[in-house]
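> Structure of the sequence below:
(one chain, ligands or ions: 1)
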Amino acid sequence: MAAYTTDDEQIIGKQFSELLASCNKICKNESDWEMINKAFFLAKEAHKGVRRRSGEPYILHPIAVAKIVVSEEGLGVKSTCAALLHDVVEDTSYTVEDIENLFGPQVASMVDGLTKVAAALNEDVSAQAETFRKILLTLSDDIRVIIIKIADRLHNMRTLGSMPRHKQIKITSETMYLFAPLAYRLGLYAIKTELEDLSLKYMYPEEYAAIEAKMAATAAERNEFINRFISPIREKLSQAGIDFTISGRVKTVYSIWSKMQRKKIPFEEIYDLFAIRIIFKPNNYAPEKAQCWHIYSLLTDIYTPKPDRIRDWVSFPKANGYEALHATFMRPDGIWAEVQIRSERMDEIAERGFAAHWKYKQNHDDEDEFDKWLKDVRNALNHPTGNAADFLENVKMTLYMTEMVIFTPRGEARKFPVGATALDFAYDIHTNVGNTAIGAKINHKIESIYTKLNSGDQVQILTAETAHPNIEWLDHVATMKAKQAIITYLKRVRQNNIERGISIFENRMREFGITPSARLFRKLLPAYDCKNKDEFYSKLGSEIINLNDIDTILRQNSKNKILKFWTFEFAGNKPKDVVVRHSHDVDNLGGPKFVAAECCNPIPGDNITGYRDPRSGDIIVHKTDCQELITLAAQKGENLVGNIKWSTYKAESYLSEIKIRGIDRIGILQDLAQVITVELDINIRELHIQSHDGIFEGKISLYVPDTESLYSLISRVNTIKGIDKVERV
Ligand code: MN
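Have a look, this model is predicted:
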């Protein structure tokens, strides 16, 4: 591998010293500097001879990512090292253990996380949602991994021009779908804005260029206008002794483009192409919040404010930590202009997001909005319900949500996404409050729990011990937390119901002497309008359906389709001699009904014993050696009816089943059919054959007059070449 050329060394040296310059504020001692140098030299050595698609040495990429991590995201020394090393394990022969030995466990685990994220993104899977789920999983380990990954993505977007078109599209769509929303959620506004802007540039290059050109054409005029708007403000605030900076921020191409899309208007009809931002150094005499409002009131002396357009993110910071006071004023040309008022601290949080937020956080044990969100995401990741796509939709929903503030009866403010209902509020208070909610007092008026809330509402939840969630609730909640809680509850209830259903069903079937079989369910499920056994059991357990009609259902089916039941008839009133006929041939003469047991399916010639169904009074006829009957005899011996026997009256035929097994040879099926239907003249009702690895196994349902015919059939079939085993089921 070629070492670095002199030119390479020069440009690498220059970029690295720039990185070092920005590390001045994070390196506290010699060992911090040493660590960053060590990471740089290891990465440089590991990536040597490798070039990016643009032709520049690969090492320039990790240096650039580290620089973003320090100066645009405000992370510390360990994160900077992880950024320098982020592609080392993925792309070179170094392992995570190597990193751990040299840099300690924290850097190593970040590099490990970054390697996993890279691997997830490289997988050529169609399920993008699953990929993103894997990426979000790193959130549960160390949030810095995602922040460094965002820096990596930002640098890749900045240098996307040298990539082939299909790569540009893949990377851009991932950026729009996940990384920009995540950057927003982590409070990295500047990065989120840049990611969106770059995405647009590669997605719709022509539209992007057109807007850019129009912006350039109107720039001079706009700058002059901004200066004219600003200068009286500058004067007023200076007079008041405020230490501040003021600037006009021109909107990005992306935000203009999305407004044109949203409102379906041309560029020329967009007036708010800029916003004014005032950043002040707070004095020691009043809280920052009061100083924000003081500046606002000074502005109202100059321009007319629009009172309904005040956004007070100072009293109620956004869930991503954003704080500022936004107000709208009338411009001299009669158009409204937005002014953002922030302290220096608020500004740093707004630009750097998460890291700055932590830096200023007084008490790290305090749980704020950001921590709550993170906890919700982690919770959802740890208890996956539904599929990955649903999950991602839920998380994404919380990434970009606009918030509103809702008050508890005691005046405590809680934040919710727009669209949240009283039910969301109930679950936010406590899962138990949500699970037992029956209504809500919204601004002292009783309303349904489905009612959508408006910012500023005061809500009190009404509960009842007996209330509980149902599946419809899922359509009336907007927060991840509420959804999660309802699904968890429903799952638990369903499981309980299934268990209860199974036991109800099995008890009932035992009384009938029937062993539940696949065939039985094929008959029962349509009759009870259930798609599968789980649904059947769950409905049974929750008393949506009952088994009151089950004997009718079973008999109706058997009358129409198969000969499964017989009617036995007493000669006289004493159980002495039994006449057997098909059910459709006979009127019941008032005696008990005889029913052939499903489990052992007796036919004339079999040794039989009866069991009196205590509920219906029917007598279930089992083969005497039937296992099911033996169980019943042990439990409820008093219901046994011993003295029954087959009548001499012979019905035409009885359904029976045989199991066969043999070697799968060509023509065996024809031979089988030939012997049974032609030679023995027996009707086959169903034939199931499965063949695997040269062996075939099958079941044949057929109509036989009695056991004698059945056993002679079995022995005849046994003689067919290739048949190995034949037995009665
Ligand atoms: Mn990278």
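
> from here on, contacts and neighbour counts on C-alpha atoms
Fine.

> doesn't Phe696 make contact with Asp724?
No - when contacts are counted by CA atoms under 8 Å, Asp724 is not listed as touching Phe696 (9.9 Å).

> Which residue of the two possesses the greater neighbour count?
Using other CA atoms under 10 Å, the more surrounded residue of Asp724 and Phe696 is Phe696, with 19 against 16.

> quick one: strands adjacent to the helix or strand that contains the more buried one?
Secondary structure assignment for Phe696, by DSSP states H and E: strand 695-704. Paired with strand 695-704 in the same sheet, following DSSP bridges, are strand 654-663 (antiparallel), strand 683-692 (antiparallel).

> anything in contact with each of Asp724 and Phe696?
Arg661, Gly662, Ile663 (CA atoms under 8 Å, 6 or more residues apart in numbering).

> Restricting to C-alpha, output the strand holding Phe696 in CSV.
What follows is strand 695-704, C-alpha atoms only, in CSV (Å, rounded to 0.1, in the frame of the first residue of the first chain):
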residue,chain,number,x,y,z
ILE,A,695,-40.6,-41.8,2.3
PHE,A,696,-44.4,-41.2,2.0
GLU,A,697,-46.8,-41.0,4.8
GLY,A,698,-50.6,-40.7,4.5
LYS,A,699,-54.0,-41.0,6.0
ILE,A,700,-57.0,-42.4,4.2
SER,A,701,-60.5,-41.8,5.4
LEU,A,702,-62.8,-44.5,4.1
TYR,A,703,-66.3,-45.9,4.6
VAL,A,704,-66.3,-49.5,5.8
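
> Give the buried residues for that strand.
Residues Phe696, Glu697, Lys699, Ile700, Ser701, Leu702, Tyr703, Val704 are the ones in strand 695-704 that count as buried (16 or more other CA atoms under 10 Å).

> Pipe those residues into TSV and attach pLDDT and distance to Ile446 per row.
Conversion of the buried residues of strand 695-704 to TSV gives the following (pLDDT from 0 to 100; distance: CA to CA, whole Å):
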residue	pLDDT	distance to Ile446
Phe696	72	69
Glu697	77	67
Lys699	82	64
Ile700	82	66
Ser701	80	64
Leu702	79	67
Tyr703	78	68
Val704	80	71
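
> need those in TSV with distance to Phe280, can you?
Shown next, in TSV, are the buried residues of strand 695-704 (distance: CA to CA, whole Å):
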residue	distance to Phe280
Phe696	85
Glu697	84
Lys699	86
Ile700	89
Ser701	89
Leu702	93
Tyr703	95
Val704	98
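
> just those residues now: which is nearest Gln495?
Gln495 has its nearest neighbour among these in Lys699, at 34.1 Å by CA to CA.

> Tell me who's in contact with the residue nearest to that closest one when sequence neighbours are not counted.
Take Lys699 and drop its neighbours on the chain: the residue closest to it by CA to CA, 6 or more residues apart in numbering is Lys659, 4.6 Å away. Counting by CA under 8 Å, 6+ apart, Lys659 makes contact with Glu697, Gly698, Lys699, Ile700, Lys725, Val726, Glu727, Arg728, Val729.

> make it 10 Å
Each residue near Lys659 by CA atoms under 10 Å, 6 or more residues apart in numbering is listed here: 688-689, 697-701, 714, 725-729.

> what do you get for Ile233?
Gln239, Ile246, Ile278, Ile295, Leu298, Leu299, Asp301, Ile302, Tyr303 are the contacts of Ile233 under CA under 10 Å, 6+ apart.

> Dig out what Ser640 forms beta bridges with.
You called it Ser, but residue 640 is Leu. Beta-bridge pairing for Leu640 (DSSP bridges): Tyr611.

> from here on, count from 52
Yes, from this point I'll number from 52; that puts the last item at Leu691.

> quick one, phi/psi of Val469?
Phi and psi for Val469, reported as degrees, to the nearest 10, are phi -60, psi 140.

> That one and Thr530, how far apart?
Look at Val469 and Thr530: by CA to CA, to the nearest Å, they are 10 Å apart.

> quick one: which of these two has more around it?
Ranked by neighbour count (other CA under 10 Å), Val469 and Thr530 place Thr530 first, with 24 against 17.

> So the more buried one sits against Pro468, correct?
Yes - under the criterion of CA atoms under 10 Å, Thr530 makes contact with Pro468 at 7.3 Å.

> Isn't Ile77 up against Asp83?
Yes - using CA under 10 Å, Ile77 is in contact with Asp83, at 8.4 Å.

> ok so His206 is a strand residue?
No - His206 is assigned helix when assessed by DSSP: H, G, I helix; E, B strand; the rest coil, not a strand.

> separation between it and Leu541?
Going from His206 to Leu541 by CA to CA gives 45 Å.

> ok, those two, which is more surrounded?
Taking neighbours as other CA under 10 Å, His206 and Leu541 compare with His206 leading, 19 against 15.

> for that one, what are its contacts?
By CA under 10 Å, 6+ apart, the contact set of His206 is His112, Pro113, Ala115, Val116, Ala117, Lys118, Ile119, Lys200, Leu246.

> quick one: which two of the residues you listed are the most distant?
With CA to CA as the measure, no two of those lie farther apart than Pro113 and Leu246, at 18.2 Å.

> picking that back up, can you redo the contacts of Lys710 as a markdown table, where the extra columns are distance to Gln678?
Formatted as a markdown table, the contacts of Lys710 follow (distance: CA to CA, whole Å):
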| residue | distance to Gln678 |
| --- | --- |
| His739 | 25 |
| Ile740 | 27 |
| Glu748 | 24 |
| Gly749 | 23 |
| Lys750 | 21 |
| Ile751 | 22 |
| Ser752 | 22 |
| Ile765 | 23 |
| Lys776 | 23 |
| Val777 | 21 |
| Glu778 | 17 |
| Arg779 | 15 |
| Val780 | 13 |
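
> Pick out whichever of those residues sits closest to Glu463.
Closest approach between those and Glu463, by CA to CA: His739, at 68.3 Å.

> residues near the closest one, how many?
So His739, with other CA under 10 Å, has 10 neighbours.

> Residue ranges of each domain in this protein, please.
The chain breaks down into these structural domains: 57-241, 262-403, 540-606, 613-697, 705-779 (assignment by automatic domain parsing).

> Looking at these, which is nearest to Trp524?
Among the domains of the chain, the nearest to Trp524 by CA to CA is domain 540-606 (10.4 Å).

> OK, contacts around Lys218?
Leu211, Ser224.

> How far away from the center of its chain is stretch 72-88?
For stretch 72-88, the distance from its own C-alpha centre to the chain's C-alpha centre is 41 Å (CA atoms, centre = their mean, to the nearest Å).

> quick one: contacts of it?
Stretch 72-88 has contacts (CA under 10 Å, 6+ apart) with 66-68, 70-71, 89, 91-94, 117-119, 121-122, 125-133, 135, 153-154.
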